[in-house]
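>>> one predicted model, sequence on top.
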Amino acid sequence: MRVCIVGCGAVGSLFAANLAQLDDVEIWAYDLAQEHVDAINRDGLRLSGAGDVLGRLRATTDAADLPPCDFGIVATKAMHTSDAVAATAHAFAGGCVATVQNGLGNEEAIAQQVERVIRGTTFPAGKIVAPGHVQWDVKGDTTFGPFEARPAPAGEVARLADACTRGGMPAKAVEDARGPQWRKVIFNASTNPIGALTGLTHGRVCEDPALRSLVSALVDEGKAVAAAQRIELDADPEELIDHAARPDVAYDHKASMLQDVEAHRQTEIDYLNGGIVRFGDEHGVATPHNRAIWALVRGLEQSW
Amino acid sequence: MRICVVGAGSIGSLFAAHLATVADVLVLTRRSEHARALNERGLQISGRHDFTARVTAASDPRDLADFDLGIVATKANGVEEAAASLGGRFPAATIMTVQNGLGAEEIVRAHGDWPLISGVTFMSGTKHSDTHVEYILDTATWIGPFGETPFDRVQEVANLLVDSGLKAEALQDLRPAQWSKLIFNATVNGVAALTGLPHDEHFAAEAEVADLGHLVHELVEEGKRVAAAAGVELHDDPWEMNVLATRRGSAHYPSMLEDVESRRRTEVELINGALVREAVRHGVEAPLQTALYRLVKAREASYA
């Protein structure tokens, strides 16, 4: 089978290099960073850290190079989904496209361009340290399920999950993949922007009771929006937030959004708190705190 | 007539220089080199007005001669120290406060039983050096009696300010003006501090769902509900104050924004904190003002 990773940043590279270990899978990567693409074609794609992997694959900055693929795995930042999928959609005319991105709304954006869409949520993380070289920070699971409005067949969802698992990226195929997605979105939307606005690490956000109660207000709104859609969260975001605040877990972690803000890079706020607000509006659930946080981070982006 | 201005930031300097054209003016500074520079070079005003005034400055309160009117023009955080330095002396003086937020009069009262005048000022300046302040906004200072202070005394001080070239008005009850400014400052300064935006057109923008104006509007509405519960009828609508201020052309940098950018302690406790405490005292919900207060407090905590 042939898989194209659309957006070969840190997370995309984890999928690309691991899947490239399989004899029965041919991997392509589409990315706009020419240096990264050149390095991958010349030296392969190297992961180090949580796992040491060297993947051989074909990378390109020109979507016209892509052959027809069985699967796409979209791993761009959420604001680039539409452009990236519009450029590559021709390769997936007979295939299925999965998202492993952050936030809400990526499936909808993909479905505007391709027929069969897979909802996905992934927890592994890393960062690009040099062209062709990605630091693998944490391992984690991935969940795939058909996107309700334009579903991929269950057999295809299972085939993708199986390949990922065999390649070293444990993945599960489920009927309803919204639970893990909303759990992750609520976690991120309730903690990352607080770090971004205050400059505090995750642990310091959580140990200030006044600030922790603001986090809970954001979580409660997210849970209410999920419940209004009859989504069952697979874990309580509150427990995950407290767990991550432990000194031996992620107390000192600077949220990626804080890193974005410090580097004056556009954040994914529109797809996190903005996504919760949009879905809340659609289902008649008030989300005043998420709306406020969305506006504040938007304001922050406008100040650059 | 001798007047003592305590604190020579931009507001204190504007009062001192103008009043020096109609009275003897003493200036009490924190730093001795600041006092020395004022004694040597005088105090230069540019912008709306253009002149240099002679003042007598000291950094040690024991060096102050008796005066008739004291103007405490420190930041809200400096009122305690300023009032303590006057405590037990100057029995003939009337003391006026002009701080942002609420509560400065009570702090001064704890150090002496001088007649007190409450003030709010809407003028603004930019301090270019210890001896040079640019007069930016020549909007009015409103003053009113605090406690048993006779209104005639307030009227005299207002006349003196007007004679000196500043805009001023004596009001029987200052609370409507004080609260208008409190709600305006809590909202605009808090949002500016968190977003890094000067007070510009973003604060009035309400075209898109995530535009900052919606949040500013909601914050103002909460503040108005608190004022209503406190029995205060506002002098000006803080939303209209906001819209007007954003149309002035040159965007103002609220002091709270300057403070967080310099990693200094802000006036959040006496502005946002005061508003949130009033909400609690009067049993009014103010969730977004509460969130704003907690975020700015957390931003201060991130310096350490």
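Cool, got the structure. These figures come from a predicted structure and were not determined experimentally.
>>> which positions within stretch A:172-187 qualify as buried?
Applying a neighbour-count criterion of 16 or more other Cβ atoms under 10 Å in any protein chain shown, the buried positions in stretch A:172-187 are A:172-174, A:176-187. Any C-beta I mention is one placed from the backbone N, CA and C, and that applies to glycine too.
>>> how about that stretch as CSV, C-alpha atoms only?
Output of stretch A:172-187 as CSV, limited to C-alpha atoms (Å, rounded to 0.1, in the frame of the first residue of the first chain):
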residue,chain,number,x,y,z
LYS,A,172,-6.6,1.8,17.2
ALA,A,173,-9.5,1.8,14.8
VAL,A,174,-12.8,2.7,16.4
GLU,A,175,-16.4,3.5,15.3
ASP,A,176,-16.6,6.9,17.0
ALA,A,177,-13.2,8.7,17.2
ARG,A,178,-14.7,11.9,18.6
GLY,A,179,-14.1,11.0,22.3
PRO,A,180,-10.3,11.0,22.2
GLN,A,181,-10.3,14.0,19.9
TRP,A,182,-12.4,16.1,22.2
ARG,A,183,-10.5,15.0,25.3
LYS,A,184,-7.3,16.2,23.7
VAL,A,185,-8.9,19.4,22.4
ILE,A,186,-10.4,20.3,25.8
PHE,A,187,-7.1,19.6,27.5
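>>> do a quick rundown of the helices in the stretch 201-304 of chain B.
B:212-229, B:238-246, B:255-261, B:274-281, B:287-301 (DSSP state H, counting those that start in this stretch).
>>> dump these into JSON lines; add mean pLDDT, distance to B:V79 and mean neighbour count as well.
Listed next are the helices of the stretch 201-304 of chain B as JSON lines, based on pLDDT from 0 to 100; distance: least, Cβ to Cβ, whole Å; neighbours: other Cβ atoms under 10 Å in any protein chain shown:
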{"stretch": "helix B:212-229", "mean pLDDT": "98", "distance to B:V79": "22", "mean neighbour count": "21"}
{"stretch": "helix B:238-246", "mean pLDDT": "95", "distance to B:V79": "23", "mean neighbour count": "19"}
{"stretch": "helix B:255-261", "mean pLDDT": "94", "distance to B:V79": "15", "mean neighbour count": "21"}
{"stretch": "helix B:274-281", "mean pLDDT": "97", "distance to B:V79": "13", "mean neighbour count": "19"}
{"stretch": "helix B:287-301", "mean pLDDT": "97", "distance to B:V79": "18", "mean neighbour count": "22"}
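>>> for the spatially most central residue of chain A, give its distance to A:R230.
Geometric centre of chain A, nearest residue: A:Q101, 2.3 Å, by Cα atoms, centre = their mean. As judged by Cβ to Cβ, to the nearest Å, A:Q101 and A:R230 stand 23 Å apart.
>>> related to what we said a few turns ago, which one of the helices of the stretch 201-304 of chain B lies closest to A:H264?
Ranking the helices of the stretch 201-304 of chain B by their distance to A:H264 (criterion: Cβ to Cβ) puts helix B:255-261 first, at 14.4 Å.
>>> please list the outside residues in contact with that closest one.
B:75, B:100, B:189-190, B:192-193, B:196-198, B:264-268, B:271, B:296, B:299-300 (Cβ atoms under 8 Å, 6 or more residues apart in numbering or on different chains).
>>> just the buried ones from those residues, in ChimeraX syntax?
To isolate in ChimeraX the members of the contacts of helix B:255-261 that are buried, counting by 16+ other Cβ under 10 Å, one can use:
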select /B:75,100,189,190,192,193,196,197,198,266,267,268,271,296,299,300
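>>> got the residues of chain A near chain B?
Contact residues (Cβ under 8 Å from any Cβ of the partner chain) of chain A with chain B: A:194, A:197-200, A:204-205, A:208, A:210-211, A:214, A:217, A:270, A:274, A:277, A:288-289, A:291-292, A:294-296, A:298-300, A:302-304.
>>> which of those are buried?
A:194, A:197-200, A:204-205, A:208, A:211, A:214, A:217, A:270, A:274, A:277, A:288-289, A:291-292, A:294-296, A:298-300, A:303.
>>> from those residues, which land in helices?
In this view, these that belong to helices under DSSP state H are A:194, A:197-198, A:204-205, A:211, A:214, A:217, A:274, A:277, A:288-289, A:291-292, A:294-296, A:298-300.
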